[in-house]
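J.: When you get a sec, could you give me coordinates for this:
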Amino acid sequence: MLNLLSDTIAAIATPKGKAALSIIRVSGSETFNIINKIARVRNIILNKMTRAKFYDGDTLLDDGMICLYKAPRSYTGEDMAELFCHGNDFILSQVLEALLKHCRLAEKGEFTHRAYLNRKIDLTQAEAIGNLLNAKSTNSQKAALLQLEGILSSRIKKILDNITDLRIILELAIDFTEDDVPEYNPEMFIEKINSILDELKVLINTAQNGIIVQEGIKICLIGAPNVGKSSIFNAFLQTERAITSSTPGTTRDYLEEGISLDGYYVKFIDTAGIHETRNNIEMIGIERSKNLAEKADLVFYITDPDIDEETDNMFFDILPKDKLIKVMNKIDLLENKDIKNDYIPCSTLLSDGLDKIKKVLINKFKDVHIESGLITNARQLACLKKAYNSLLKAKETFINNIGLDFLALDIQISGNALEELIGHISNEDILKDIFDNFCIGK
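T.: Purely as a prediction, here's the structure:
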């Protein structure tokens, strides 16, 4: 980003289209001077909406409202203004053009980037704002709001405080003899390391659940042709999204759609039926089906009463066993036959045909404790793993008595990884990736 803290920036903060009103944001040291040039306002009061007319020179552009915020009491931490115009793209573009004669257009996510740089929020809170913009379920919304409130940050900062305590003890031990440092007790020291490792391990172990809450549960429907995968797909979506037919091999590529289910965002992936074929298009679809199964959070193997055990076993050999759920479809066709062992009975023709699948699905994720603060993306998880591995190395260094200098270095690397997680130590490329996912005006 160009001259992040010295430029004054402006951007439209609401979507295009006709509406009751639209908002333009301005932020930077020249904000109030620029507003004086394009707005005519009587008796303006900070942090309160005031009637305003917007001009380009002597030409009246719109009659609306304005709110001014004085640094540091604003979203960005800088002098800031929000202009409330009529929701008309033509009028809005004219007001923005008048502003851009005196400042530049904001880049994607630049308002939030400035909030981060001005210490209004940390990096996990900035990511939470992005998560909130993209939330597709009540749980992802709740997780984002809690992260924005600083639940995760507080948890990380407590761990950092404990790591800082270790570093202080070590620095004293390095500068003086161990006997002269009353805090330096080997047994107590290793207990502190183990306690921090335990806390990091808990966060790492629950990270996948946090990512699932944010990004959605990916469920891959796999099976032989014509067992009803597309019918189950359509039944969950409550729409005819996939073409269904009694002709085997109707689905040749995969379809993906999401729904909100009991507070979770669930992405169902309907795949091509796996079978022996010489058709090149079908072969490509089948290979994609196998790859999708590997990447999914859960794999529903769909079969029916007519599929033989040999075919079932063939699928079990190629599907990931740790996330496999077996579903027996078309149970309405069963006549005095037992449902195969370990299978969930299902029928898209029965009113309660999907209920047992839904129950099993939700039970898989019922123990996710959103209130405790969850890791919600791969960047945060990578930082956690680096912190954990460096501290584990520190423990080994301590046990093997390799030297306090090496021990201090390992603990410092662990702390730096957590500092990077919350953004106290930042990498420009990482920041660019995060804020580029925001819209202009946020």
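J.: immediately after the lengthiest helix in the chain, which helix or strand?
T.: Ranked by residue count, the top helix of the chain under DSSP state H comes out as helix 151-175. Scanning forward in sequence from helix 151-175, with DSSP states H and E defining helices and strands, the next element found is helix 186-205.
J.: Give me the next element, helix or strand, following that following helix.
T.: If you walk from helix 186-205 toward the C-terminus, the next helix or strand you reach (DSSP H and E) is helix 207-215.
J.: buried ones in that following helix?
T.: Using 16 or more other Cβ atoms under 10 Å as the test for burial, helix 207-215 gives Ala207, Asn209, Gly210, Ile211, Ile212, Val213, Gln214, Glu215. From N, CA and C alone the C-beta is placed, and that goes for glycine too.
J.: so what does the longest helix of the chain touch, helix or strand wise?
T.: helix 123-134, helix 186-205, helix 378-399, helix 404-422 (3 or more Cβ pairs under 8 Å, 6 or more residues apart in numbering; DSSP states H and E).
J.: Buried ones in the helix or strand that contains Leu92, by neighbour count?
T.: Counting by DSSP H and E, the element that carries Leu92 is helix 89-100. Within helix 89-100, the residues that qualify as buried are Ile91, Leu92, Gln94, Val95, Leu96, Ala98, Leu99, counting by 16+ other Cβ under 10 Å.
J.: ok, for the third one, nearest residue in space, not its chain neighbours?
T.: Which is Gln94. Excluding the flanking residues, the one nearest Gln94 by Cβ to Cβ, 6 or more residues apart in numbering is Leu61, at 4.8 Å.
J.: Quick one: distance of the helix holding Leu92 to the chain centre.
T.: Its chain's C-alpha centre lies 33 Å from the corresponding centre of helix 89-100 when counted by Cα atoms, centre = their mean, to the nearest Å.
J.: What's the end-to-end length of stretch 113-133?
T.: The first residue of stretch 113-133 is 15 Å away from its last residue (Cα to Cα, to the nearest Å).
J.: what mean pLDDT does it have?
T.: Confidence over stretch 113-133, taken as the mean pLDDT, stands at 93.
J.: Tell me the helix or strand right after the helix or strand of the chain with the lowest mean pLDDT.
T.: Among the secondary structure pieces of the chain, namely its helices and strands, helix 280-295 has the lowest mean (mean pLDDT, DSSP states H and E), a mean of 67. Beyond helix 280-295 in the direction of the C-terminus, DSSP H and E gives the next helix or strand as strand 298-303.
J.: what helices or strands is that following strand leaning on?
T.: Contact analysis of strand 298-303 by 3+ Cβ pairs under 8 Å, 6+ apart lists strand 217-223, helix 229-237, helix 309-318, strand 324-328 as its packing neighbours.
J.: Next, count neighbours for Phe435.
T.: By the other Cβ atoms under 10 Å criterion, the neighbourhood of Phe435 contains 23 residues.
J.: The one 5 residues further on now?
T.: The number of residues packed near Ile440 is 16, by other Cβ under 10 Å.
J.: Can you name the residues bridging to it?
T.: Each beta-bridge partner of Ile440 is listed here, defined by DSSP bridges: Lys108.
J.: Which pLDDT value belongs to it?
T.: Confidence score, pLDDT, at Ile440: 76.
J.: For the stretch 1-150 of the chain, give me the ranges with low pLDDT.
T.: Across the stretch 1-150 of the chain, the stretches falling below the confidence threshold (pLDDT under 70) are 1-5.
J.: mind listing the helices for it?
T.: For the stretch 1-150 of the chain, helices defined by DSSP state H, counting those that start in this stretch occupy the ranges 31-38, 89-100, 110-117, 123-134, 138-149.
J.: Using CSV, lay out those helices together with distance to Gln380.
T.: Written out in CSV, the entries for the helices of the stretch 1-150 of the chain read as follows (distance: least, Cβ to Cβ, whole Å):
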stretch, distance to Gln380
helix 31-38, 33
helix 89-100, 35
helix 110-117, 15
helix 123-134, 7
helix 138-149, 10
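J.: Find the one among those helices with the highest mean neighbour count.
T.: With neighbours defined as mean count of other Cβ atoms under 10 Å, the helices of the stretch 1-150 of the chain peak in mean count at helix 110-117, which reaches a mean of 23.
J.: so how many other residues sit close to Phe189?
T.: Here the number of neighbours of Phe189 (other Cβ under 10 Å) works out to 19.
J.: is it true that it touches Ile168?
T.: No. If you go by Cβ atoms under 8 Å, Phe189 and Ile168 don't touch, sitting 11.7 Å apart.
J.: Now the common contact residues for those two.
T.: Counting by Cβ atoms under 8 Å, 6 or more residues apart in numbering, Phe189 and Ile168 have no contacts in common.
J.: Which members of the buried residues of helix 89-100 define the maximum pairwise distance?
T.: Ile91 and Leu99 (13.1 Å; Cβ to Cβ).
J.: still on that earlier bit, I'd like the helices and strands packed on helix 151-175 written out as TSV, with distance to Ala81 added.
T.: Formatted as TSV, the entries for the helices and strands packed on helix 151-175 read as follows, by distance: least, Cβ to Cβ, whole Å:
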stretch	distance to Ala81
helix 123-134	20
helix 186-205	40
helix 378-399	33
helix 404-422	30
